[in-house]
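Chemist: Following is a predicted model, sequence given first.
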Amino acid sequence: MAERYVVVTGAAGALGSVVADTLSRDGVKVIAMDQAKTIPGAVDFALSFPGVDLCDQRSVADVFDVLGRDIGYLSGLVNIAGGFRWETIADGDIATWDRLFNLNLKTALIASKAALPLLAAKGGSIVNISAAASQKAAAGMGAYAASKSAVSRLTEALAEEMKDHGVRVNAVLPSIIDTPANRRDMPQADFSRWVSPRDIANIIKFLLSDDARAVTGALLPVTGRG
(Lines give C-alpha, C1' and ligand atoms only; values in the text may rest on other atoms or scores of the structure.)
Protein backbone atom coordinates (compact mmCIF):
# COMPACT_ATOMS: atom_id res chain seq x y z
CA MET A 1 0.00 0.00 0.00
CA ALA A 2 1.41 3.39 -1.01
CA GLU A 3 2.34 5.88 1.67
CA ARG A 4 -0.15 8.71 2.23
CA TYR A 5 1.47 12.11 1.77
CA VAL A 6 -0.56 15.15 2.83
CA VAL A 7 0.50 18.80 2.65
CA VAL A 8 -0.71 21.02 5.49
CA THR A 9 -0.38 24.78 4.98
CA GLY A 10 -0.31 26.91 8.10
CA ALA A 11 1.20 23.93 9.93
CA ALA A 12 2.86 26.17 12.52
CA GLY A 13 -0.46 27.61 13.72
CA ALA A 14 -2.80 26.57 16.52
CA LEU A 15 -5.09 24.57 14.23
CA GLY A 16 -2.47 23.49 11.70
CA SER A 17 -0.21 21.95 14.33
CA VAL A 18 -3.08 19.86 15.74
CA VAL A 19 -4.17 18.75 12.27
CA ALA A 20 -0.60 17.73 11.48
CA ASP A 21 -0.35 15.78 14.73
CA THR A 22 -3.71 14.05 14.19
CA LEU A 23 -2.81 12.98 10.66
CA SER A 24 0.65 11.84 11.71
CA ARG A 25 -0.85 9.65 14.44
CA ASP A 26 -3.00 8.07 11.73
CA GLY A 27 0.08 7.06 9.77
CA VAL A 28 0.04 9.93 7.28
CA LYS A 29 3.34 11.37 6.06
CA VAL A 30 2.74 15.06 6.77
CA ILE A 31 4.44 17.73 4.68
CA ALA A 32 4.41 21.06 6.50
CA MET A 33 4.30 24.46 4.79
CA ASP A 34 4.13 27.81 6.55
CA GLN A 35 5.12 31.42 6.16
CA ALA A 36 6.71 31.25 9.62
CA LYS A 37 10.48 30.96 9.67
CA THR A 38 10.26 27.86 11.86
CA ILE A 39 7.61 25.17 12.22
CA PRO A 40 7.75 23.97 15.83
CA GLY A 41 5.98 21.02 17.38
CA ALA A 42 6.37 17.37 18.20
CA VAL A 43 5.30 16.09 14.78
CA ASP A 44 7.92 14.17 12.85
CA PHE A 45 7.25 15.78 9.46
CA ALA A 46 8.11 13.86 6.32
CA LEU A 47 9.20 17.20 4.86
CA SER A 48 9.05 20.74 6.18
CA PHE A 49 8.99 24.00 4.21
CA PRO A 50 9.13 27.03 6.52
CA GLY A 51 9.43 30.60 5.28
CA VAL A 52 7.22 30.09 2.21
CA ASP A 53 5.23 33.11 1.01
CA LEU A 54 1.91 31.32 0.50
CA CYS A 55 0.53 34.34 -1.38
CA ASP A 56 3.27 34.09 -4.00
CA GLN A 57 2.50 31.67 -6.81
CA ARG A 58 6.12 31.10 -7.78
CA SER A 59 7.26 30.36 -4.22
CA VAL A 60 4.49 27.82 -3.71
CA ALA A 61 5.00 26.26 -7.14
CA ASP A 62 8.68 25.73 -6.31
CA VAL A 63 7.70 23.65 -3.27
CA PHE A 64 5.30 21.49 -5.26
CA ASP A 65 7.93 21.05 -7.97
CA VAL A 66 10.18 19.53 -5.29
CA LEU A 67 7.37 17.24 -4.16
CA GLY A 68 6.70 16.18 -7.72
CA ARG A 69 10.34 15.32 -8.25
CA ASP A 70 10.90 13.56 -4.89
CA ILE A 71 7.51 11.86 -4.32
CA GLY A 72 5.50 12.08 -7.54
CA TYR A 73 2.03 12.24 -6.01
CA LEU A 74 0.01 13.57 -3.08
CA SER A 75 -2.83 11.99 -1.14
CA GLY A 76 -4.13 15.26 0.22
CA LEU A 77 -3.82 19.00 0.74
CA VAL A 78 -5.22 20.82 3.77
CA ASN A 79 -5.40 24.59 3.31
CA ILE A 80 -5.31 26.03 6.83
CA ALA A 81 -3.21 29.17 6.36
CA GLY A 82 -5.36 32.25 6.89
CA GLY A 83 -6.12 35.22 9.09
CA PHE A 84 -8.78 37.28 10.86
CA ARG A 85 -9.41 40.92 11.69
CA TRP A 86 -12.47 42.46 13.34
CA GLU A 87 -13.25 45.77 11.69
CA THR A 88 -16.46 47.57 10.80
CA ILE A 89 -17.03 48.64 7.22
CA ALA A 90 -17.73 52.26 8.14
CA ASP A 91 -14.58 52.74 10.21
CA GLY A 92 -12.33 50.18 8.56
CA ASP A 93 -9.70 50.23 5.87
CA ILE A 94 -10.13 48.81 2.37
CA ALA A 95 -6.65 47.36 2.80
CA THR A 96 -8.11 44.94 5.36
CA TRP A 97 -10.24 43.40 2.62
CA ASP A 98 -7.19 42.95 0.39
CA ARG A 99 -5.23 41.41 3.27
CA LEU A 100 -7.92 38.91 4.29
CA PHE A 101 -8.69 37.89 0.71
CA ASN A 102 -4.96 37.27 0.26
CA LEU A 103 -4.60 35.31 3.50
CA ASN A 104 -7.79 33.28 3.29
CA LEU A 105 -8.61 32.88 -0.40
CA LYS A 106 -5.42 33.43 -2.35
CA THR A 107 -3.33 31.06 -0.24
CA ALA A 108 -5.88 28.25 -0.76
CA LEU A 109 -6.21 29.00 -4.47
CA ILE A 110 -2.47 29.07 -5.13
CA ALA A 111 -1.72 25.89 -3.16
CA SER A 112 -4.64 24.02 -4.69
CA LYS A 113 -3.69 24.97 -8.24
CA ALA A 114 -0.09 23.89 -7.67
CA ALA A 115 -1.13 20.61 -6.04
CA LEU A 116 -3.69 19.46 -8.63
CA PRO A 117 -1.36 17.42 -10.88
CA LEU A 118 0.09 15.57 -7.88
CA LEU A 119 -3.36 14.95 -6.39
CA ALA A 120 -4.73 13.68 -9.70
CA ALA A 121 -1.83 11.25 -10.08
CA LYS A 122 -3.36 8.74 -7.64
CA GLY A 123 -6.67 10.31 -6.64
CA GLY A 124 -6.21 12.76 -3.78
CA SER A 125 -8.32 15.12 -1.73
CA ILE A 126 -8.34 18.80 -0.77
CA VAL A 127 -9.83 20.11 2.46
CA ASN A 128 -10.23 23.87 2.82
CA ILE A 129 -10.98 25.86 5.95
CA SER A 130 -13.92 28.17 5.41
CA ALA A 131 -15.95 29.46 8.37
CA ALA A 132 -19.44 29.46 9.82
CA ALA A 133 -19.31 33.23 9.30
CA SER A 134 -19.21 32.62 5.56
CA GLN A 135 -22.91 31.74 5.74
CA LYS A 136 -23.98 34.68 7.90
CA ALA A 137 -21.72 37.58 8.77
CA ALA A 138 -21.84 39.49 12.05
CA ALA A 139 -20.97 43.14 12.59
CA GLY A 140 -17.27 43.76 12.20
CA MET A 141 -16.76 40.56 10.24
CA GLY A 142 -17.52 41.75 6.71
CA ALA A 143 -14.04 41.30 5.24
CA TYR A 144 -13.43 38.00 7.02
CA ALA A 145 -16.84 36.56 6.15
CA ALA A 146 -16.57 37.63 2.51
CA SER A 147 -13.12 36.07 2.16
CA LYS A 148 -14.29 32.82 3.73
CA SER A 149 -17.40 32.79 1.55
CA ALA A 150 -15.01 32.98 -1.39
CA VAL A 151 -13.20 29.92 -0.01
CA SER A 152 -16.53 28.07 -0.01
CA ARG A 153 -17.18 29.05 -3.62
CA LEU A 154 -13.64 27.98 -4.56
CA THR A 155 -14.33 24.63 -2.92
CA GLU A 156 -17.56 24.11 -4.88
CA ALA A 157 -16.10 25.18 -8.21
CA LEU A 158 -12.97 23.08 -7.85
CA ALA A 159 -14.99 20.05 -6.76
CA GLU A 160 -17.02 20.29 -9.97
CA GLU A 161 -13.95 20.80 -12.13
CA MET A 162 -12.02 17.87 -10.64
CA LYS A 163 -14.73 15.27 -9.99
CA ASP A 164 -13.91 13.40 -13.19
CA HIS A 165 -10.18 13.53 -12.45
CA GLY A 166 -10.26 11.62 -9.18
CA VAL A 167 -9.77 14.63 -6.90
CA ARG A 168 -12.28 15.41 -4.16
CA VAL A 169 -12.60 18.91 -2.68
CA ASN A 170 -14.44 19.73 0.54
CA ALA A 171 -14.42 22.41 3.23
CA VAL A 172 -15.10 22.60 6.95
CA LEU A 173 -16.85 25.67 8.34
CA PRO A 174 -15.89 26.10 12.00
CA SER A 175 -17.37 28.62 14.39
CA ILE A 176 -15.00 30.03 17.03
CA ILE A 177 -12.04 27.71 17.51
CA ASP A 178 -10.73 27.16 21.03
CA THR A 179 -7.19 28.50 20.65
CA PRO A 180 -4.96 30.40 23.10
CA ALA A 181 -5.23 33.54 20.95
CA ASN A 182 -9.04 33.45 20.96
CA ARG A 183 -9.08 32.93 24.73
CA ARG A 184 -6.85 35.98 25.16
CA ASP A 185 -9.01 38.08 22.85
CA MET A 186 -12.33 36.98 24.40
CA PRO A 187 -11.58 36.22 28.07
CA GLN A 188 -15.22 36.53 29.16
CA ALA A 189 -16.55 34.01 26.63
CA ASP A 190 -17.82 30.55 27.46
CA PHE A 191 -14.97 28.47 26.03
CA SER A 192 -17.00 25.27 26.39
CA ARG A 193 -19.18 26.42 23.48
CA TRP A 194 -16.21 26.69 21.13
CA VAL A 195 -14.89 24.01 18.79
CA SER A 196 -11.66 22.28 19.73
CA PRO A 197 -8.85 22.03 17.15
CA ARG A 198 -8.76 18.26 17.73
CA ASP A 199 -12.42 17.86 16.78
CA ILE A 200 -11.82 19.82 13.58
CA ALA A 201 -8.71 17.76 12.87
CA ASN A 202 -10.65 14.51 13.21
CA ILE A 203 -13.23 15.72 10.68
CA ILE A 204 -10.45 16.71 8.29
CA LYS A 205 -8.91 13.26 8.77
CA PHE A 206 -12.23 11.70 7.77
CA LEU A 207 -12.64 13.91 4.68
CA LEU A 208 -9.16 12.92 3.52
CA SER A 209 -9.83 9.22 4.02
CA ASP A 210 -11.27 6.59 1.70
CA ASP A 211 -14.32 6.47 3.98
CA ALA A 212 -15.28 9.85 2.44
CA ARG A 213 -14.68 8.76 -1.15
CA ALA A 214 -18.29 9.62 -2.07
CA VAL A 215 -18.07 13.12 -0.60
CA THR A 216 -17.02 16.10 -2.71
CA GLY A 217 -18.17 19.70 -2.88
CA ALA A 218 -19.41 19.52 0.72
CA LEU A 219 -19.36 22.52 3.06
CA LEU A 220 -19.48 20.98 6.52
CA PRO A 221 -20.46 23.22 9.46
CA VAL A 222 -18.44 22.46 12.61
CA THR A 223 -19.99 24.69 15.23
CA GLY A 224 -20.16 22.71 18.48
CA ARG A 225 -22.52 24.65 20.75
CA GLY A 226 -21.45 28.00 19.31
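Modeler: Okay, I see it. Residues are numbered from 1 along each chain as shown.

Chemist: Regarding Leu116, what is its secondary structure?
Modeler: helix (DSSP: H, G, I helix; E, B strand; the rest coil).

Chemist: Sorry, slip of the keys, the one I care about is Val7.
Modeler: Criterion first, three-state DSSP; result for Val7: strand.

Chemist: Report the buried residues of stretch 92-102.
Modeler: By neighbour count with 16 or more other Cβ atoms under 10 Å, stretch 92-102 contains the buried residues 96-97, 99-102. (C-beta placed from N, C-alpha, C; glycine too.)

Chemist: Measure how far it is from the centre of its chain, please.
Modeler: Distance of stretch 92-102 from the chain centroid (Cα atoms, centre = their mean, to the nearest Å) equals 19 Å.

Chemist: Check stretch 152-160 too.
Modeler: Taking mean C-alpha positions (Cα atoms, centre = their mean), stretch 152-160 and its chain are 14 Å apart.

Chemist: In it, which residues are buried?
Modeler: 152, 154-156, 158-159.

Chemist: Dihedrals phi and psi, Ile177?
Modeler: Phi and psi for Ile177, reported as degrees, to the nearest 10, are phi -90, psi 140.

Chemist: How about the one 10 residues further on?
Modeler: Its backbone dihedrals place Pro187 at phi -70, psi -20, with angles given as degrees, to the nearest 10.

Chemist: before we move on, what about the one 5 residues further on?
Modeler: Recorded main-chain torsions at Ser192 are phi -70, psi -20, according to degrees, to the nearest 10.

Chemist: Which residues are in contact with it?
Modeler: Listed by Cβ atoms under 8 Å, 6 or more residues apart in numbering, the contact set of Ser192 reads Arg225.

Chemist: Same question for Val30.
Modeler: Neighbours of Val30 in contact, by Cβ under 8 Å, 6+ apart: 6, 8, 11, 20, 23-24, 43, 45-46.

Chemist: again, 6 Å this time
Modeler: Contact analysis of Val30 by Cβ atoms under 6 Å, 6 or more residues apart in numbering lists 6, 8, 20, 23-24, 45.

Chemist: Sitting in helices, which of the buried residues of stretch 152-160 do you find?
Modeler: Residues of the buried residues of stretch 152-160 located in helices (DSSP state H): 152, 154-156, 158-159.

Chemist: Which of those sits closest to Gln135?
Modeler: Ser152 (8.1 Å; Cβ to Cβ).

Chemist: before we move on, back to that, would you turn the contacts of Val30 into CSV with neighbour count, pLDDT and distance to Gly166?
Modeler: Below are the contacts of Val30 laid out as CSV (neighbours: other Cβ atoms under 10 Å; pLDDT from 0 to 100; distance: Cβ to Cβ, whole Å):
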residue, neighbour count, pLDDT, distance to Gly166
Val6, 25, 99, 16
Val8, 31, 99, 21
Ala20, 30, 98, 24
Leu23, 23, 98, 20
Ser24, 19, 97, 25
Phe45, 17, 95, 26
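
Chemist: Reformat the residues you listed as TSV; add distance to Ile176.
Modeler: Shown next, in TSV, are the contacts of Val30 (distance: Cβ to Cβ, whole Å):
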residue	distance to Ile176
Val6	26
Val8	21
Ala20	21
Leu23	23
Ser24	26
Phe45	28
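
Chemist: nearest to Lys106, of those residues?
Modeler: Val8 (17.6 Å).
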